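>>> with the sequence up front, the predicted model follows.
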Amino acid sequence: MEFHGTTILAVKKNGTIAVAGDGQVTLGGTIVKHSAKKVRRIYNDKIIVGFAGATADALNLFDKLEAKLERFNGNLIKAAVELAKEWRTDKYLRRLEAMMIAVDKKSILLISGSGDVIEPDDNFISIGSGGVAAHAAAQALIENTEYDAEVILKKSMEIVAKLCIYTNDSIVIESIKN
């Protein structure tokens, strides 16, 4: 049986970068947990990360990213690039099944095992089973409202929870203000 889905969404607006994730964990066609925490702070609470994919793999990657951040004095972009290089080339790591979004005061990054480190053009990005719906909802709210980042995340994730069977409304939001 395979663990499925989640939705992680990051938005940068008006000096705030925030990340949201739902809490649902499914095994096959069964919900096995409603309140998993897939968004957390690392590196002395200066970096927020969210993951989609296998939990053990993601926790391993959190640890590796934090070690890279220590090595590069908190430089998120340098740490993310080094993690992606190692993730892609290491025999063990390249088998990990997860994706990450990592943010600091300046940057939003998507980090994947295929070697990708992507900084979005539009100041928001999403991953996971509900990622496309989250992206569309966030874009509509950003373009048509004056909501702040946290409200955009909350409303977007509530929309996704109504559409994606692998996403629930047990939402965790973490933010960094400039």
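Yes, it's here.

>>> from here on, just use CA atoms for contacts and neighbour counts.
OK.

>>> tell me the contacts of residue 71?
residue 79 (CA atoms under 8 Å, 6 or more residues apart in numbering).

>>> same thing but at 10 Å, please
Neighbouring residues of residue 71 by CA atoms under 10 Å, 6 or more residues apart in numbering: 65, 78-79.

>>> try residue 158
Each residue near residue 158 by CA under 10 Å, 6+ apart is listed here: 22, 134, 137, 152, 167-171.

>>> repeat that for 8 Å
Per CA under 8 Å, 6+ apart, neighbours of residue 158: residue 169.

>>> quick check: it is in a helix.
Yes: under the criterion used here (DSSP: H, G, I helix; E, B strand; the rest coil), residue 158 sits inside a helix.

>>> inside helices: which ones of the contacts of residue 71?
65, 78-79 (DSSP state H).

>>> just give me the closest of the residues you listed to residue 161.
residue 65 (28.8 Å; CA to CA).

>>> correct me, but that closest one touches residue 79?
Yes: using CA atoms under 8 Å as the test, residue 65 is close enough to residue 79 to be in contact (6.6 Å).

>>> re the thing from before, of the contacts of residue 71, which is the most crowded?
residue 65 (23 neighbours; other CA atoms under 10 Å).

>>> against residue 82, how distant is that one?
9 Å (CA to CA, to the nearest Å).

>>> which residues of this protein score low on pLDDT?
1-4 (pLDDT under 70).

>>> what do you get if the cut-off is 50, keeping everything else the same?
By pLDDT under 50, the weakly predicted segments of the chain are 1-3.

>>> now the strands for it?
3-4, 7-13, 16-21, 25-27, 30-33, 39-42, 47-53, 98-103, 108-112, 117-118, 124-128, 172-177 (DSSP state E).

>>> how about TSV for the ones in helices among the contacts of residue 71, with distance to residue 30 added?
Shown next, in TSV, are those (distance: CA to CA, whole Å):
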residue	distance to residue 30
65	31
78	39
79	36
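
>>> closest to residue 29 out of those residues?
For the ones in helices among the contacts of residue 71, the minimum distance to residue 29 (CA to CA) is 31.5 Å, reached by residue 65.
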